[in-house]
Structures are given as structure tokens and as C-alpha cells.
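Undergrad: coordinates for the following, if possible.
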Amino acid sequence: MIATSQGRLQDRRPLSIIDIGSNSIRLVIYEGIARSPTVLFNEKMLAGLGRGIVTTGKLDPDGVRRAVEEFGRFRALSEQAGAENLHVIATAAAREAENGPDFISRAEDILGTKIKVLTGRQEAYYSALGIISGFHPADGIAGDLGGGSLELVDVSGETIGDGITLPLGGLRLQEMAQNAPTAATKIARTELIRAQLLRAGQGRTFYCVGGTWRNLARLHMMVNGYRLNVMHHYEMPMEGLSDFLKQVASGELDKVKGIDRISKNRRGLLPYGATTLLEVMRSMKPEKVVVSALGVREGYLYSLLSDEEKQKDPLISAAEELAILRARSVTHSRELAEWTGTSFRTFGIEESEADSRYRQAACLLADIGWRAHPEYRGTQSLNIIAHASFIGVDHPGRAFIALANLFRHEGVFEDSVSPEMRALATPHYVERARVLGAVLRVVYLLSASMPGIIPNLTWRTRPDGTLCLVIPAEHAGLMGERPAGRMAQLSKVLGRPMELVVDGE
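TA: Numbering: from 1, shown residues only. Predicted coordinates for the structure are as follows:
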């Protein structure tokens, strides 16, 4: 076995997935099979296999040549990373092209493994699993836009409903429309008439999957000055979205702010991705449009999990893993997650399921910055959390978790929070973050960041209404000026009399 550093989870065995798409081919090496997968290595090439398939019926010759040359490198990289298994899947272009079987056979010889050529139904199924994997819970229509096809499938919780594959992939639509935006609109509108499942999506979420739509969302971020450059669970506000998409669909990309930040290889398909999304919105009338960083590849990985692993919360799983890797004690972090739930109920703070999950995640992550300089622990923790590859959390929730950890280290002063982060978190989560941060500031001084004491701390209300945090008599030595001062801060945040006392006094 390859020697690993302490920055790796020791119970994981790497595996690789190669995704042969109509436009891009990507190798992803994962740390292991997990509810919240971590990427060890990621590389892609834009082969454009599906270019010209409408007129020739065959894979693009230059794309085939370049792909075949690159497969040897992908296999070598997988072996170099210590991957114990190499899974290869192929989608629309490979299954539809006249010379697809020959290409797959050559690829199998080079890669040394059998390639799973997905049917349209299978592609939609794995795309749905990708959404189930990345959202907690998912409810809406998933749309996976590749180079050759568009898969639409209804997802509700863990239930996968109706699905359909349409010939609306970016490369295919570009070729069918002969580079004419007006023609592309007519083609997309005609094809989407067959997608009757979109009617069941009215008022629900449309999940955008695929590289073209992710780059479209990245452009939308830049146009609107969005300050959190995290693609997964980015919600494109419905207000003004149609105007933005129409501008991109017109093909006048040079006039769009931030277009220079989009790869030149990707720009050509943006108008067709925008056209298709516009027509989906027109047919479906969604409540919101949300971007997913997870798709067919991650759905396939999710399918390899045991039933027990599939039931785990992806956010909590990822937070626990980061605590194992970076906190002084993951047991202490778990104690915080449970104990703060009791505390919030004592405070009379009601939590939704999302509120509770995000609070638990914030507690699990509350000590990941301890190795940093004391002056920068809060900022470092905030940056790590704000930009981590978490799934199962929306952007306001992510901001809450980050802010709670900033407050935990730097004090509950709102003037230290950037206006952008405050706006992203919303007033609800900013206030919750201040409360949680203030609670953590008290108990960390009583526990020395080690397990064993927090479960023994209890709350008691005096006849005069004062809420007391009670330290067991055998731990009376933990009482002191600093924790008492932190308790006074918590009292101000909650706006109620509170005191730190030793049991029996």
C-alpha cells in the first residue's frame, strides 16, 4: 500500500472514474467510496467526440485520435495515485455513433477494463442519483446537459420518477441549428414538448447539471458580482435570469461582463446552453434554478455505496471527516453538536431540520483552525468552510457555519463581518451564528478542547428567571474570570440574565 500522510483518511481506498462524454472526457480519482466523496486528482480534456455526429453519424476523427492518445495517460495517473479500481462510463456520443463500438473497444484495450456504455435511461438514472447525493433533500427536476444529449428526470427525496433523454446536448444543438440562435430556440422548444414530466416541476426546483450550465452559472456570478465562488447549490435568482439568458443566447458574448474568465473552449456552447435553459424554464415554470456540481459520475459513485452509507447526511459526514483530520478531538466536536442542541431548546430557540443540521456541522468544524495563529483562527476557519467542497448545504447555510466559527474565535461583533457574508447568510442565520458562537466561546474555556466535560454541563433556571450553566462540583476548578466573562457576553446576545455556577452553590 502507498504510504499516506496524516492529511488522508486512513480507512479509504482510492478509486478512479473516467467519464467519456460527447464534449469532454474526465478522469476523477476519489479518496475512496464515501457519502461525501473527496477528490484526490481531477483532469479533463475537451475531445469533442460528438462534434459532427448529426451529419456524419460518426465520432469526430480528431477527437477520437486525441482521446485514444490520452487514455494511456489517464490509466497511468490512476495507477500512480494507487487507485484499486478503475470504472469507465460512456454516454451519448459513444452509444449513438456508427463507429462507437470500435472506439470503445480500442479504449478498453488501452484502459485495461470494461467500459459501461450507458443507455439514455441509465444516464438519466445516474444523473438523478447525483442530485440525490448532493442535496438534502432533493425535490424537483434534474437536467443534465452534455455535449450530445439532455437528460431530464424527476427527483423527490430518494425517489426517482419519470425521465427522458432529448437530443439537445450543446454540440448537437449547435450543429442542428447551424450556428443560428433562432433555429436553436425552435429546435429546443419542439423537443421539450415531449418532456411532459416538466409540467410536474412547476413551482419546484430545476437542478442544472453539466459543464456548459456550470460555466453559464459562473458567468452569471460575475455579471452579478456574487462574492462566494462556490458552484454547488448556487441559486440563480429568477428575477432577471431570463434577460441574462437571452443575452447569452443571442451569441453576443463579447458584451457580457466576465466572459474573459470563461475558457475559450467552453464559450462556443454557452448560447446553446442558455437557449435550452430558457426553454426548460418556459415549459416548467420552476420556483428556482439551482446549480449542481454533481452529476452522472457522482451518481455512479453513489450507487456503489452500501444502503447504510446512502442514508448518511452528506454535510455531517464531510464535517466529521474534516474534524478527524484537523480538530484536536473529533469526540469533543461530536459532544458539542449534541450538547448545543439541548442548549438551543433550553433557550427556546426553535430549529428547522436545516437549522439543526447546520448547527451540528458548525460544531463539528469549530476546532479546525486551532493550528493557525490565534489572530487568524477565525478568518482561516471562515475561509476554509466558505470554500470547502461541501454538499448537502445551500449558500446561506454555508455562510452560517462559517460565521459561527468566526464568532467563536473572534467574538460576537457584527462589525467584523463583511457586508457580503452578512447578506449571504440572511438576518436569520447571522443571529443564529452569533448565539452559537457565543455558546462555543463559553464551553471551550471549560473543556480545554478535550472530551469528557461538556456532557456533564447542565442548564438550570432560578426562581428569578436567571438561566444558570452548572459546572459539576468535581470540576469546580474550571470556574474562573474568563469563562464567567464569556457567560456575560452570551447573556447580552440572548438578552436574558445568565450566570455560570458550580453545582451546590
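Undergrad: list the contacts of the residue lying closest to residue 296 once chain neighbours are set aside.
TA: Sequence neighbours aside, residue 126 is the residue nearest to residue 296 in space, at 4.5 Å (criterion: Cβ to Cβ, 6 or more residues apart in numbering). Just so you know, the C-beta spots here come from the backbone N, C-alpha and C atoms, and that holds for glycine as well. Contacts for residue 126 (Cβ atoms under 8 Å, 6 or more residues apart in numbering) come out as 89, 118, 295, 296, 297, 299, 300, 303.
Undergrad: now those in CSV, with neighbour count, pLDDT and secondary structure?
TA: As requested, these are exported to CSV (neighbours: other Cβ atoms under 10 Å; pLDDT from 0 to 100; DSSP: H, G, I helix; E, B strand; the rest coil):
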residue, neighbour count, pLDDT, secondary structure
89, 21, 98, strand
118, 24, 96, coil
295, 31, 94, coil
296, 27, 96, helix
297, 21, 95, helix
299, 26, 97, helix
300, 21, 97, helix
303, 13, 97, helix
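Undergrad: does residue 400 touch residue 432 like I think?
TA: Yes. Under the criterion of Cβ atoms under 8 Å, residue 400 makes contact with residue 432 at 6.2 Å.
Undergrad: now stretch 371-378: buried residues?
TA: Within stretch 371-378, the residues scored as buried using 16 or more other Cβ atoms under 10 Å are 377, 378.
Undergrad: same check, this time on stretch 285-296
TA: 286, 289, 290, 291, 292, 293, 294, 295, 296.
Undergrad: quick one, what contacts the fifth one?
TA: Residue 292 makes contacts with 130, 131, 134, 135, 142, 207, 208, 209, 232, 233, as judged by Cβ under 8 Å, 6+ apart.
Undergrad: can you tell me which of the residues you listed are in helices?
TA: 130, 131, 134 (DSSP state H).
Undergrad: reformat these as a markdown table; add neighbour count and pLDDT.
TA: Converted to a markdown table, the ones in helices among the contacts of residue 292 look like this (neighbours: other Cβ atoms under 10 Å; pLDDT from 0 to 100):
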| residue | neighbour count | pLDDT |
| --- | --- | --- |
| 130 | 28 | 97 |
| 131 | 29 | 97 |
| 134 | 25 | 97 |
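Undergrad: residues making contact with the helix or strand of the chain with the lowest mean pLDDT?
TA: The weakest-scoring helix or strand in the chain, judged by mean pLDDT, DSSP states H and E, is helix 264-267 (a mean of 86). Contacts with helix 264-267, where a contact means Cβ under 8 Å, 6+ apart, come from 46, 211, 212, 215, 253, 259.
Undergrad: mind picking the lowest-pLDDT entry from these?
TA: Among these, residue 253 has the lowest pLDDT, at 88.
Undergrad: ok so, going back, looking at residue 400 and residue 432, which is more packed in?
TA: Neighbour count, other Cβ atoms under 10 Å: between residue 400 and residue 432, residue 400 has more, with 30 against 22.
Undergrad: who's in contact with the closest residue in space to that one that isn't next to it in sequence?
TA: Spatial nearest neighbour of residue 400, excluding adjacent residues (Cβ to Cβ, 6+ apart): residue 429 at 3.7 Å. Residue 429 makes contact with 358, 396, 397, 399, 400, 403, according to Cβ under 8 Å, 6+ apart.
Undergrad: about what we covered before: output the contacts of residue 126 in CSV, with distance to residue 81 appended to each entry.
TA: Formatted as CSV, the contacts of residue 126 follow (distance: Cβ to Cβ, whole Å):
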residue, distance to residue 81
89, 19
118, 24
295, 22
296, 21
297, 16
299, 22
300, 18
303, 22
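Undergrad: what's the most distant pair in these?
TA: Using Cβ to Cβ, the contacts of residue 126 span at most 13.0 Å, a distance reached by 295 and 303.
Undergrad: quick one, longest helix in the protein?
TA: helix 419-447.
Undergrad: any idea of the mean pLDDT in that one?
TA: Helix 419-447 comes out at a mean pLDDT of 95.
Undergrad: list the buried residues for it?
TA: In helix 419-447, counting by 16+ other Cβ under 10 Å, buried: 421-422, 424-425, 429-430, 432-447.
Undergrad: ok, now stretch 104-117?
TA: 104, 107, 110, 111, 113, 115, 117.
Undergrad: before we move on, what about stretch 186-193?
TA: So, applying 16+ other Cβ under 10 Å, buried residues of stretch 186-193: 187, 188, 191, 192.
Undergrad: using a markdown table, please lay out the residues you listed together with pLDDT and distance to residue 264.
TA: Below are the buried residues of stretch 186-193 laid out as a markdown table (pLDDT from 0 to 100; distance: Cβ to Cβ, whole Å):
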| residue | pLDDT | distance to residue 264 |
| --- | --- | --- |
| 187 | 97 | 25 |
| 188 | 97 | 24 |
| 191 | 97 | 28 |
| 192 | 97 | 29 |
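Undergrad: take those and keep only those in helices.
TA: Counting by DSSP H, the buried residues of stretch 186-193 contribute 187, 188, 191, 192 to helices.
Undergrad: coming back round to it: tabulate the contacts of residue 429 (a markdown table), appending pLDDT.
TA: Output for the contacts of residue 429, formatted as a markdown table (pLDDT from 0 to 100):
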| residue | pLDDT |
| --- | --- |
| 358 | 98 |
| 396 | 97 |
| 397 | 98 |
| 399 | 97 |
| 400 | 97 |
| 403 | 96 |
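Undergrad: so which of those residues sit within helices?
TA: Short answer: the contacts of residue 429 in helices (DSSP H) are 358, 396, 397, 399, 400, 403.
Undergrad: picking that back up, closest to residue 162 among the buried residues of stretch 285-296?
TA: Distances from residue 162 to the buried residues of stretch 285-296, taken by Cβ to Cβ, are shortest for residue 286, at 16.2 Å.
Undergrad: could you find the closest non-adjacent residue to that closest one?
TA: The shortest distance from residue 286 to any non-neighbouring residue, by Cβ to Cβ, 6+ apart, is to residue 206 (4.1 Å).
Undergrad: residue contacts, the one you found?
TA: Neighbours of residue 206 in contact, by Cβ under 8 Å, 6+ apart: 140, 141, 143, 280, 281, 284, 286, 288, 289, 290.
Undergrad: now these in TSV, please, with extra columns for secondary structure.
TA: Output for the contacts of residue 206, formatted as TSV (DSSP: H, G, I helix; E, B strand; the rest coil):
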residue	secondary structure
140	strand
141	strand
143	strand
280	helix
281	helix
284	helix
286	coil
288	strand
289	strand
290	strand
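Undergrad: helices of the stretch 101-250 of the chain, start to end?
TA: 120-134, 170-177, 181-192, 211-223, 241-249 (DSSP state H, counting those that start in this stretch).
Undergrad: in the chain, which residue is most central in space?
TA: Residue closest to the mean C-alpha point of the chain, counted by Cα atoms, centre = their mean, is residue 391 at 3.3 Å.
Undergrad: relative to residue 293, how far out is it?
TA: Relative to residue 293, residue 391 is positioned 8 Å away (Cβ to Cβ, to the nearest Å).
Undergrad: what do these two both touch?
TA: Counting by Cβ under 8 Å, 6+ apart, the residues touching both residue 391 and residue 293 are 134, 232.
Undergrad: ok, and the most crowded of the contacts of helix 264-267?
TA: residue 212 (27 neighbours).
Undergrad: may I have the residues that are in contact with that one?
TA: Applying Cβ under 8 Å, 6+ apart, the residues near residue 212 are 23, 145, 170, 266, 269, 270, 272, 273.
Undergrad: just put the residues you listed in JSON lines and tack on distance to residue 352 and neighbour count.
TA: What follows is the contacts of residue 212, written out as JSON lines (distance: Cβ to Cβ, whole Å; neighbours: other Cβ atoms under 10 Å):
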{"residue": "23", "distance to residue 352": "40", "neighbour count": "29"}
{"residue": "145", "distance to residue 352": "32", "neighbour count": "31"}
{"residue": "170", "distance to residue 352": "38", "neighbour count": "30"}
{"residue": "266", "distance to residue 352": "38", "neighbour count": "20"}
{"residue": "269", "distance to residue 352": "39", "neighbour count": "23"}
{"residue": "270", "distance to residue 352": "37", "neighbour count": "23"}
{"residue": "272", "distance to residue 352": "39", "neighbour count": "30"}
{"residue": "273", "distance to residue 352": "34", "neighbour count": "28"}
